[in-house]
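Q: next input, structure requested:
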Amino acid sequence: MTVRGSDRFEGAYDGTPPWDIGRPQQAFLDTAGTWSGHVLDSGCGTGELAMAAAARGLRATGIDGAASAIAIARSRAAERGLEVEFVVGDVLRLGALGHAYDLIFDSGVFHTFEADERPLYVQSLTQVTNPGGRLLLLCFSDSQSGDWGPFRISRDELTAAFADSWRIESIEPATFVLEPASGSPPTARAWFAQMSRQ
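A: Numbering: from 1, shown residues only. Model (predicted):
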């Protein structure tokens, strides 16, 4: 199976990617009291969010197109004594996992897609989310200056992308912490969206 973007993101792990800060983004941790059910970390990278869910006793799966990232995630989970399923796969084909989930994390994935790919990604997410299941999504905001890094996303673009089959609970300004050693600025302005599958 061809994994979308696998070469691009695989190469990022030759060093430390800007998104790999060794812990989950704070916006997600602030909602940890609401996490429940079977969790999927879409585009999990080195797996910190999936492992945070597993550490709270939840069944967790992480998927990423970069085999190197998944290898790191598996190693870290083993070191921490955590049981997490990590899969090399395509987030545009989440149905291939063969499961439905109650909670999905997207920490910096939606904003990597061109406008014409976003509906495919949303369809993929929708396919594997149980009715009433939740999606927590953190992406770069259109208020972030510069043209480095991923696409900037507006609140209206987020709302429009999930208009079918999802109920937007909130879209709030947030901060995306980045790894300074990667050459990126230390933070970026972001949106943190919480929504539920209708």
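Q: strands along this protein, start to end?
A: Secondary structure of the chain (DSSP state E): strands located at 39-42, 60-64, 85-88, 101-107, 129-140, 166-177, 187-197.
Q: what stretches of the protein score poorly on pLDDT?
A: Across the chain, the ranges flagged by pLDDT under 70 are 1-8.
Q: tilt between the longest helix belonging to it and strand 60-64?
A: Ranked by residue count and defined by DSSP state H, the top helix of the chain is helix 67-80. Calculated by axes from the mean of the first three to the mean of the last three CA atoms, to 10 degrees, helix 67-80 forms an angle of 150 degrees with strand 60-64.
Q: find the nearest non-adjacent residue to the most centrally placed residue in the chain, please.
A: Geometric centre of the chain, nearest residue: residue 106, 2.3 Å, by CA atoms, centre = their mean. Counting by CB to CB, 6 or more residues apart in numbering, residue 137 is the residue found nearest to residue 106 once chain neighbours are left out, at 4.2 Å. For every residue, glycine as well, the C-beta is placed using N, CA and C.
Q: ok, residue 150 next?
A: residue 111 (4.2 Å).
Q: surely that neighbour touches residue 144?
A: No. The pair residue 111 / residue 144 is not scored as a contact, 10.0 Å apart, by CB atoms under 8 Å.
Q: okay, these two: which has more neighbours?
A: The residue with more neighbours, out of residue 111 and residue 144, is residue 111; 24 against 20, by other CB atoms under 10 Å.
Q: OK, contacts around the more buried one?
A: 139-140, 150-153 (CB atoms under 8 Å, 6 or more residues apart in numbering).
Q: from residue 117, how far off is the closest residue to residue 12 other than its chain neighbours?
A: In space, and not counting its chain neighbours, residue 12 is closest to residue 66: 7.1 Å by CB to CB, 6+ apart. Going from residue 66 to residue 117 by CB to CB, to the nearest Å gives 18 Å.
Q: who's more crowded, these two?
A: Neighbours around residue 66 and residue 117, counted as other CB under 10 Å, are more numerous at residue 66. The numbers are 25 against 14.
Q: just the C-alphas of stretch 100-117, formatted as CSV.
A: What follows is stretch 100-117, C-alpha atoms only, in CSV (Å, rounded to 0.1, in the frame of the first residue of the first chain):
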residue,chain,number,x,y,z
ALA,A,100,-14.2,2.4,14.8
TYR,A,101,-13.0,4.9,17.5
ASP,A,102,-14.6,6.9,20.2
LEU,A,103,-12.0,9.6,20.3
ILE,A,104,-9.6,10.8,17.6
PHE,A,105,-6.6,13.1,18.0
ASP,A,106,-5.2,15.2,15.1
SER,A,107,-2.1,17.1,16.3
GLY,A,108,-0.9,18.9,13.2
VAL,A,109,-2.2,16.7,10.4
PHE,A,110,-5.2,18.6,8.9
HIS,A,111,-3.0,21.6,8.2
THR,A,112,-0.6,19.5,6.0
PHE,A,113,-3.2,18.9,3.3
GLU,A,114,-3.9,20.9,0.2
ALA,A,115,-7.5,22.3,0.0
ASP,A,116,-8.5,19.6,-2.4
GLU,A,117,-7.2,16.8,-0.1
